[in-house]
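[1] return a 3D structure for these sequence lines:
(chains A and B)
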Protein chains: 2
Amino acid sequence: GEWASRHRSEAEPLGVLDNMSQHVVNGDSSCGKVLTLDNMNPNVKRVEYAVRGPIVLRAMQLEKELKEGAKKPFNEVIRANIGDAQAMGQKPITFFRQVMALCSYPELLEDDKFPDDAKQRARRILKACGGSSIGAYSASQGIECIRQDVSRYIEKRDGFASNPDNIYLSTGASDAIVTILKLLVAGEGSNRTGVLISIPQYPLYSATLADLGAVQVNYYLNEDSCWSLDIPELKRAVTEARQHCNPRVLCIINPGNPTGQVQSKECIKNVIRFAKEERLFLMADEVYQDNVYRDNEFHSFKKVLFEMGSEFSSTVELASFHSTSKCYMGECGFRGGYVEVINLDPGVKAQLTKLVSVRLCAPVPGQALLDLVVNPPQPDEPSHATFMKERTTVLANLAEKAKLTEEIFNTVPGIKCNPVQGAMYTFPQIKLPQKAINKAKAGQEPDMYYCMRLLEEEGICLVPGSGFGQRKGTFHFRMTILPPTEKLKIVLKKISDFHVRFTKEFSE
Amino acid sequence: GEWASRHRSEAEPLGVLDNMSQHVVNGDSSCGKVLTLDNMNPNVKRVEYAVRGPIVLRAMQLEKELKEGAKKPFNEVIRANIGDAQAMGQKPITFFRQVMALCSYPELLEDDKFPDDAKQRARRILKACGGSSIGAYSASQGIECIRQDVSRYIEKRDGFASNPDNIYLSTGASDAIVTILKLLVAGEGSNRTGVLISIPQYPLYSATLADLGAVQVNYYLNEDSCWSLDIPELKRAVTEARQHCNPRVLCIINPGNPTGQVQSKECIKNVIRFAKEERLFLMADEVYQDNVYRDNEFHSFKKVLFEMGSEFSSTVELASFHSTSKCYMGECGFRGGYVEVINLDPGVKAQLTKLVSVRLCAPVPGQALLDLVVNPPQPDEPSHATFMKERTTVLANLAEKAKLTEEIFNTVPGIKCNPVQGAMYTFPQIKLPQKAINKAKAGQEPDMYYCMRLLEEEGICLVPGSGFGQRKGTFHFRMTILPPTEKLKIVLKKISDFHVRFTKEFSE
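    All right, here's what the predicted structure looks like:
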């Protein structure tokens, strides 16, 4: 990808250059290391992942310095760089954690403190485990009764049948996304697989494509109409890509990361039609499916595909992804997730099953947690009221913070912010004075310079837009809306003040 | 790899061929699937993983049939194919699971039922988690205080310093092995990275090399001297490999999987010297380090390397791997593990840190469990006595079963079994009558035919030696020694009887 290589140097962790200068290039094979930067896997060198890039390493250093008593213009580093809800203070869902405790230490099943529905869920999960223990490996595709529960969840969500044989449990959604992309990458030279990804994108995609040596094909979301996905732009991207690669895959993130838009049913229909016409395999990253605010509604690609009738539902190949890490649960640490594959060639499906078996299985605690997400307390069960209250509170808070973020940013001259319709992020455009752009030019993206200055001066950790991709000459940052409301207000105020100060500093 | 491709067809799950025949080859791009067996990633097609191959799929079918009331010559399928201790009835270590329950549901920290040391460990782990929750992402390299505990464990084990910066926590050892191999694979044609692996090997290695498109270079363990690793054979392998690839990596599994040998310190020294002379990066898979029986002693590569003095300890590049899945804990489902990297080029290390960040982090419950493995109850702590009793019982049982297995198999004419010095497996050689070999020739390895017959007739699931590699014309199977002693005796008797019967059936 053009964008990927353009930003390579910037995504390398801090300290790399220092370390490299200690290490003389060794053309001589008799001395020096067997494995060096010069002779290592070149695809790995091309990988970048800005969400955990240099700015986060610097944030960690600052935290250490603060701990050791260093004087800074701030008392704490606020990490608004990553969608890590519980790290920002969100409480786990009680029912989920009760069941996890019961599964971890089944002696607690005798304890009166735990509600019956939690015990029933734990017993059911344990019964499905080898030796009735979450310490046993599961089947590689995932525990069967959990895959059945996932299918029922999808059926209830969409109103269309789902086959548990088409569900693969994974180590977070990331793992499943990488696995499906891996199946699809083949060919050499101008026949190499091209993968269409949105710009801005979530950098797992560009990183994985670099790792796999696939061709990244960018399509740009339309910032002027709330990051809409426009078919003419898709058509432009695929047509141009056909000159130099074999575009076979179209990746969509809905609700959008980092851009926070929620796609309309009409848009999804058009995308599906386009995929069929252009013979593209669809990958729908839907990990934020419960994170939908205002009057927006989430439509899964699976549902829309099946509403379009058998001409589409029996032909278009689709993989859709979900996770335990986002939505109202925010259980990132458990690394639970799944993919549902639709219309996958049976021979390819057998290869997929074989491929996932090499890593044995997804973490069983994550599988168990996923089971609770897709099979939460029902209205007639004792934990239902608490569960609903906890769930609703988290989602209502997020909706409030989404609105607050948009409102406050849009009062600042030089910051322009689309509505946060869904997901957990805002991706506002920032106007940077030419002098600031010039100042940063020495090997650093201007928005990286901006974010580094913000981190050093205010202790707020954001990710520069260049880490996600953006139209040339525009600048953005990604900020999560996860800090608790009172803290979020402070964050928004600090960023706003910083932006005004920064703009003034570099004005003529 | 010559061996890898020779066995390709066999490792494909049952049913693939049936499915394929339904699916007409589509040269015509206007109809048919976007993704087919013909145009998918060819490296994935080359991947095979016998431990979960066709024989396991057939075992699952048989279990289903039994459940549905089918009459079989057996009442249950006994899975001796995979080192899954808890699935075979081994009980988890109480202390570990108490801490996991406390971490999952911290309200239990107020509960009098839990011992103080379990609470103290849980509090310490939670304090090191974002938002004091195992539901938050950790640092990509792993939680810092857990990496420190891993280093202290290594220091205590080896008597040499370990730097927490060199520890990377992983999703089981498999994940770390794949990641380190990925760094090392580069070059094209005769300059492509070659990786030396033992034959027999654990098929994660051949599968990963196929996936990465690296060159598998086989060195054969010496079955006649208890699967010893002989330097002349290593020399032969590397010399021949230099004709067609660039051998840069030497993988060792100690204690051995599937072969159960434990390497002497002298052998390890010779291997290290060889690696230095031949400029090979060492990968030491030491996940069975506590599984050592009889009078054998485990020596880590790290310790031996440092005992050899700075000429070696400051130059030889080594990655050594450990896991929560084996030893006395057998917590496979948690997918905990780590790698320690020694003498890694600092620039490459920064690339490794970047690469692991793309998947965000290893599962936090698995990280927490690893912390307990490397920092178990101490003599002055309330859980110490129970912990030691549980640990000792498991290891003593395994030692007894290792002995039993060797003794019984060696009474059977046509089965020859090396001592099980360590790990969890026996890999006996079986003599197959020529008529049986001829019978199997229709696309099936003779030992696969043997194991399938054993499964159908006795309900015992083993893995054929061809799934691990073996010298041409020899046949083996891998069996775990994990079934409880009384059941293991039955298994050994059934296999012995089957072998006699099978031999008789095909005798002239």
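
[2] got the contact list for residue A:252?
    Residues in contact with residue A:252 (C-beta atoms under 8 Å, 6 or more residues apart in numbering or on different chains) are A:198, A:229, A:263, A:271, A:282, A:283, A:284, A:285, A:301. Glycine gets a C-beta too; all of them are placed from N, C-alpha and C.

[3] so residue A:95 sits right up against residue A:389, yeah?
    No - between residue A:95 and residue A:389 there is no contact under C-beta atoms under 8 Å: 11.1 Å.

[4] looking at the two, which is more packed in?
    residue A:95 (24 against 11; other C-beta atoms under 10 Å in any protein chain shown).

[5] what packs against the helix or strand residue A:150 falls within?
    Using DSSP states H and E, residue A:150 sits within helix A:144-158. Under the contact criterion of 3 or more C-beta pairs under 8 Å, 6 or more residues apart in numbering or on different chains; DSSP states H and E, helix A:144-158 touches helix A:116-127, strand A:167-171, helix A:301-307, strand A:336-342, helix A:364-374.

[6] does chain B sit close to the last one?
    Okay, so that is helix A:364-374. Yes - shown here: helix A:364-374 in contact with chain B (C-beta under 8 Å from any C-beta of the partner chain) through A:364, A:365, A:366.

[7] all helices for the stretch 401-508 of chain A, in order.
    A:434-440, A:446-458, A:485-505 (DSSP state H, counting those that start in this stretch).

[8] the stretch 151-300 of chain A now?
    A:172-184, A:204-212, A:231-241, A:265-278.

[9] quick one, what contacts the closest residue to chain B within the stretch 101-250 of chain A?
    Nearest to chain B, among the residues of the stretch 101-250 of chain A, is residue A:130, at 3.0 Å (C-beta to the nearest C-beta). Residues counted as contacts of residue A:130 (C-beta under 8 Å, 6+ apart) are A:136, A:137, A:138, B:84, B:86, B:87.

[10] please, which helix or strand holds the third one?
    Yep, that's residue A:138 we're talking about. Short version: residue A:138 belongs to no helix or strand, going by DSSP H and E.

[11] got phi/psi on it?
    As for residue A:138, its main-chain torsions (degrees, to the nearest 10) stand at phi -100, psi 170.

[12] neighbours of it, just the number please.
    25.

[13] ok, the fourth one next?
    The burial metric for residue B:84, expressed as a neighbour count using other C-beta under 10 Å, is 27.

[14] ok, the spatially closest residue to residue A:126 that is not a sequence neighbour - how many residues close by?
    The shortest distance from residue A:126 to any non-neighbouring residue, by C-beta to C-beta, 6 or more residues apart in numbering or on different chains, is to residue A:132 (4.7 Å). Other residues lying near residue A:132 total 17 when counted by other C-beta under 10 Å.

[15] kindly report the same for residue A:231.
    13.

[16] what residues are up against residue A:446?
    Contacts of residue A:446 (C-beta under 8 Å, 6+ apart): A:432, A:436, A:437, A:440, A:475.

[17] remind me which residues of chain A are low pLDDT?
    Applying pLDDT under 70 to chain A picks out residues A:1-31, A:51, A:508.

[18] would you mind listing what in the stretch 101-250 of chain A touches chain B?
    Counting by C-beta under 8 Å from any C-beta, the residues of the stretch 101-250 of chain A that sit close to chain B are A:101-102, A:104-105, A:108, A:111, A:113, A:129-131, A:133-140, A:171-172, A:174-175, A:178, A:182-187, A:203-204, A:207-208, A:211, A:248.

[19] got a list of what residue A:437 touches?
    Residue A:437 neighbours (C-beta under 8 Å, 6+ apart): residue A:446.

[20] so it versus residue A:496, what's the distance?
    Separation of residue A:437 from residue A:496 (C-beta to C-beta, to the nearest Å): 21 Å.

[21] do I have it right that residue A:126 meets residue A:103?
    Yes - assessed by C-beta under 8 Å, residue A:126 is found in contact with residue A:103 at 6.1 Å.

[22] mind checking which of these two has more residues around it?
    residue A:103 (32 against 17).

[23] what packs against the helix or strand hosting that one?
    If you go by DSSP H and E, residue A:103 is part of helix A:94-104. Secondary-structure packing of helix A:94-104 (3+ C-beta pairs under 8 Å, 6+ apart): helix A:116-127, helix A:364-374, helix A:384-409, helix B:94-104.

[24] how far does the last one sit from its chain's centre?
    Right, helix B:94-104. Its chain's average C-alpha position is 25 Å from that of helix B:94-104, according to C-alpha atoms, centre = their mean, to the nearest Å.

[25] mind listing what the spatially closest residue to residue A:134 that is not a sequence neighbour touches?
    Nearest non-adjacent residue to residue A:134, counting by C-beta to C-beta, 6+ apart: residue A:364, 4.4 Å away. Residue A:364 makes contact with A:129, A:134, A:135, A:136, A:137, A:138, A:143, B:333, B:334, B:335 under the criterion C-beta under 8 Å, 6+ apart.

[26] returning to that earlier point: what angle do the helix holding residue A:103 and helix A:384-409 make?
    Inter-element angle recorded for helix A:94-104 and helix A:384-409: 120 degrees (by axes from the mean of the first three to the mean of the last three C-alpha atoms, to 10 degrees).

[27] name the surrounding residues that touch helix A:94-104.
    So helix A:94-104 is contacted by A:108-109, A:114-115, A:117-119, A:121-122, A:125-126, A:134, A:329, A:331, A:365, A:368-369, A:372-373, A:376-377, A:383, A:386-387, A:390, B:97, B:100-102, B:104-105, B:108 (C-beta under 8 Å, 6+ apart).

[28] doesn't residue A:321 lie inside a helix?
    No - applying DSSP: H, G, I helix; E, B strand; the rest coil, one finds residue A:321 to be strand, outside a helix.

[29] now the closest residue to it other than its chain neighbours: how far from residue A:372?
    Among residues not flanking residue A:321 along the chain, residue A:173 sits closest, at 4.4 Å (C-beta to C-beta, 6+ apart). Per C-beta to C-beta, residue A:173 is found 17 Å from residue A:372.

[30] of the two, which one has the most company?
    Higher neighbour count among residue A:173 and residue A:372: residue A:372, with 28 against 24, using other C-beta under 10 Å.

[31] please report how far the nearest residue to residue A:170 once chain neighbours are set aside lies from residue B:44.
    Spatial nearest neighbour of residue A:170, excluding adjacent residues (C-beta to C-beta, 6+ apart): residue A:176 at 3.7 Å. Residue A:176 sits 15 Å away from residue B:44, going by C-beta to C-beta.

[32] give me the more crowded residue out of the two.
    residue A:176 (27 against 22).

[33] contacting residues for the residue nearest to the spatial centre of chain A?
    Central residue of chain A (C-alpha atoms, centre = their mean): residue A:202, 5.9 Å from the mean position. Going by C-beta under 8 Å, 6+ apart, residue A:202 touches A:253, A:257, A:258, A:285, A:468.

[34] would JSON lines of these with distance to residue A:39 and neighbour count be doable?
    Formatted as JSON lines, these follow (distance: C-beta to C-beta, whole Å; neighbours: other C-beta atoms under 10 Å in any protein chain shown):
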{"residue": "A:253", "distance to residue A:39": "35", "neighbour count": "27"}
{"residue": "A:257", "distance to residue A:39": "35", "neighbour count": "28"}
{"residue": "A:258", "distance to residue A:39": "35", "neighbour count": "29"}
{"residue": "A:285", "distance to residue A:39": "35", "neighbour count": "30"}
{"residue": "A:468", "distance to residue A:39": "31", "neighbour count": "26"}
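
[35] of the contacts of residue A:252, which belong to strands?
    Of those, the ones assigned to strands by DSSP state E are A:198, A:282, A:283, A:284, A:285.

[36] out of the residues you listed, who's nearest residue B:216?
    residue A:283 (31.1 Å; C-beta to C-beta).

[37] how about the residues of the stretch 351-500 of chain A near chain B?
    So far as C-beta under 8 Å from any C-beta goes, the stretch 351-500 of chain A lies against chain B at A:351, A:353-355, A:357-366.
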